[in-house]
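Asker: Predicted coordinates and the sequence they were generated for:
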Protein chains: 2
Amino acid sequence: MRVLVVEDERRMAAALQRGLQAEGFAVDLAHDGEEGLHLARHGDYDVVVLDIMLPRISGYNVCKQLRAEENWVPILMLSAKDGEYDMADGLDLGADDYLTKPFSYVVLVARLRALLRRGANRRPAVLQAGDLALDPARRRVSRGQQPIELTPREFALLEYLMRRHDEVVSKSEILEHVWDTFDTDPNVVEVYVGYLRRKIDVPFSRNALQTVRGAGYRLTGDGG
Amino acid sequence: MRVLVVEDERRMAAALQRGLQAEGFAVDLAHDGEEGLHLARHGDYDVVVLDIMLPRISGYNVCKQLRAEENWVPILMLSAKDGEYDMADGLDLGADDYLTKPFSYVVLVARLRALLRRGANRRPAVLQAGDLALDPARRRVSRGQQPIELTPREFALLEYLMRRHDEVVSKSEILEHVWDTFDTDPNVVEVYVGYLRRKIDVPFSRNALQTVRGAGYRLTGDGG
DNA sequence: CAGGGTTCTCAGCGACCTCTCAGGCCCGCT
DNA sequence: AGCGGGCCTGAGAGGTCGCTGAGAACCCTG
């Protein structure tokens, strides 16, 4: 198992290297964000340990950059104890786990192994609802094997509905998130729901995109 | 991060406190269910570790009570190994995760952190009354496995009754909370109670939605 | 500037929902 | 048993909500 450790404090980096090697990992070190980003891109690691506070490029941005490039290597973030950085942000940016310094060495190893175990089934890429699939990164939609063409607005609407599938989503919520306004005539939502239905609904089958009169719409996977 | 540990075995409680403090948590202890409930209500914790077997009030009931009060603090339940309690029940009552004793300390911490991460976007659990279930977010109602279709007004009425289930609720309270008026003819409530009964009551069985003549209505779970 | 695609507005229609009303039922009281 | 008030319910008027076709405005692209 190959681990990349991106950490600028020499002492900490060396300690991690030694410790992890003792556990049987192959360990590479990077001492700033730029080097870390470069190695992560080309090194084919199984997991990356990434400090947040780094010279040149912060750990945040390394993580963000990698995810933007669709690199889904598991990342465990490290932060200093002072609450300057909000770890939740790190997770939002695509980190898989985090530890706050000072951390227990045993815990670190346990977390790394947990990440490696889960590793394979990351790649959140596509959203699913029944046999409907939407890939936000590639901007693609399909029902089963059948690809579906959507206009940008239709796509944005479907993406929002799929992110909240099985929930009832009100028109005003839709207006706010898809149209980015809140005082528009809700009729435009009805119109686009109509467009979507013509494209994603299977004839002679229960609609995947249901109207909940007086409340909004609900996109269901076939199971629910 | 503030953690409340509700655990009656002194030794275990002390061990958890020490361990979690070492991880950087602020830890409070409660030694029975009553104290735990009190602290959980007023302490503004980020997560609660809750043993099931407790003096005075069981962990089950602490959890149930908190959820009934719309307190959605993440709860991790602990149970003894013997299968007397079914953990699935705990999750139904609104716990977010559980561990069976004896558990690994590392695992406990990992689970706690996972809860903290998810914490914010938890969704309020479904309301239950007997085998009747209502999910406010999904806007769904079911009796057992059978889904039930309700109009918006019917849904609002049932939601209000379920939030106050087992209590007697007067028509004027209903008018105020469901119709948002107070000087309307109370007959409209009677009419809608009638609509609801036709949809949610099981034929040949005691009504779940009882009339309390002169006082109002009471929705009972069959069990109590 | 023409053409095609996309977004949005508008108005009509149908279905559904809400609420009122009036007659009858039921319960508790005398 | 008889009475009165509270409660239930069927019927129906009126209103609201959501869907849709038509077409105008907009925006690229060639």
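Answerer: Done, it's in.
Asker: Got the phi and psi for residue A:185?
Answerer: In terms of degrees, to the nearest 10, the main-chain angles of residue A:185 are phi -60, psi 120.
Asker: got a pLDDT number for it?
Answerer: We have a pLDDT of 93 for residue A:185.
Asker: The one 3 residues further on now?
Answerer: Residue A:188 is assigned 97 on the pLDDT scale.
Asker: Test my guess that it contacts residue A:174.
Answerer: No: applying C-beta atoms under 8 Å as the test, residue A:188 and residue A:174 come out as separate, 9.5 Å apart. In this view, the C-beta of every residue, glycine as well, is placed from N, C-alpha and C.
Asker: Which residues does stretch A:8-21 contact?
Answerer: A:3, A:5, A:7, A:27, A:29, A:31-32, A:49, A:51, A:53-55, A:105, A:108-109, A:112 (C-beta atoms under 8 Å, 6 or more residues apart in numbering or on different chains).
Asker: Lowest pLDDT pick from those?
Answerer: Among the contacts of stretch A:8-21, residue A:105 has the lowest pLDDT, at 78.
Asker: The residue of chain A found nearest chain B: what secondary structure?
Answerer: Scanning chain A for proximity to chain B using C-beta to the nearest C-beta identifies residue A:214 as nearest, at 3.4 Å. Secondary structure for residue A:214, judged by DSSP: H, G, I helix; E, B strand; the rest coil, is coil.
Asker: which intervals of chain A have sub-threshold pLDDT?
Answerer: Along chain A, segments meeting pLDDT under 70 span A:68, A:70, A:80-94, A:117-125, A:203-207, A:222-224.
Asker: can you map out the helices along chain A?
Answerer: Along chain A, counting by DSSP state H, helices occupy A:10-22, A:33-42, A:59-68, A:87-92, A:105-119, A:152-163, A:171-174, A:187-200.
Asker: about what we covered before: okay, the residue of chain A closest to chain B and residue B:155: tell me how far apart.
Answerer: Applying C-beta to C-beta, to the nearest Å, the value for residue A:214 to residue B:155 is 8 Å.
Asker: the more surrounded of those two?
Answerer: Taking other C-beta atoms under 10 Å in any protein chain shown, residue A:214 and residue B:155 do not tie; residue B:155 has more neighbours (22 against 12).
Asker: Could you pull up the residues touching that one?
Answerer: A:215, B:134, B:139, B:141 are the contacts of residue B:155 under C-beta under 8 Å, 6+ apart.
Asker: ok, which residues in chain A are in contact with chain B?
Answerer: Chain A has residues A:81, A:88, A:91, A:97-98, A:100, A:104, A:106-107, A:110-111, A:114, A:166-168, A:212-215, A:218 near chain B, with proximity defined as C-beta under 8 Å from any C-beta of the partner chain.
Asker: Filtering those by proximity to DNA strand D, which remain?
Answerer: Restricting those to those adjacent to DNA strand D (criterion: C-beta under 7 Å from any atom of the strand) gives A:213-215.
Asker: Reformat those as TSV; add distance to residue B:39.
Answerer: As requested, those are exported to TSV (distance: C-beta to C-beta, whole Å):
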residue	distance to residue B:39
A:213	44
A:214	41
A:215	37
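Asker: my guess is residue A:32 contacts residue A:54, does it?
Answerer: Yes: proximity of residue A:32 to residue A:54 meets the contact threshold set by C-beta under 8 Å, at 5.5 Å.
Asker: Looking at these two, which is more packed in?
Answerer: residue A:54 (23 against 17).
Asker: what residues are up against that one?
Answerer: Residue A:54 makes contact with A:6-8, A:32-33, A:36, A:62 under the criterion C-beta under 8 Å, 6+ apart.
Asker: repeat that with 10 Å
Answerer: By C-beta atoms under 10 Å, 6 or more residues apart in numbering or on different chains, the contact set of residue A:54 is A:6-8, A:30-37, A:60-62.
Asker: In TSV: those, plus distance to residue A:145.
Answerer: Output for those, formatted as TSV (distance: C-beta to C-beta, whole Å):
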residue	distance to residue A:145
A:6	41
A:7	46
A:8	49
A:30	42
A:31	48
A:32	46
A:33	42
A:34	43
A:35	43
A:36	40
A:37	37
A:60	39
A:61	38
A:62	37
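Asker: Could I have the buried ones of those as PyMOL selection syntax?
Answerer: A single PyMOL command is used to select the members of the contacts of residue A:54 judged buried by 16 or more other C-beta atoms under 10 Å in any protein chain shown:
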select buried, chain A and resi 6+7+8+30+31+32+33+35+36+37+60+61+62
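Asker: Next up, the contacts around the closest residue to residue A:188 other than its chain neighbours.
Answerer: In space, and not counting its chain neighbours, residue A:188 is closest to residue A:179: 7.1 Å by C-beta to C-beta, 6 or more residues apart in numbering or on different chains. Neighbour list for residue A:179: A:153, A:156-157, A:186, A:188-189, A:192 [criterion: C-beta under 10 Å, 6+ apart].
Asker: Give me the distance between residue A:179 and residue A:160.
Answerer: Plainly put, residue A:179 is 10 Å away from residue A:160 if you go by C-beta to C-beta.
Asker: Write the ChimeraX selection for whichever of the residues of chain A next to chain B are buried.
Answerer: To isolate the buried members of these in ChimeraX, using 16+ other C-beta under 10 Å:
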select /A:91,97,98,100,107,110,111,114,167,168,212,218
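Asker: Give the burial count for residue A:63, as a bare number.
Answerer: Neighbour number of residue A:63 under other C-beta under 10 Å is 28.
Asker: Residue A:72 is in contact with that one, correct?
Answerer: No: using C-beta atoms under 10 Å as the test, residue A:63 is too far from residue A:72 to be in contact (11.3 Å).
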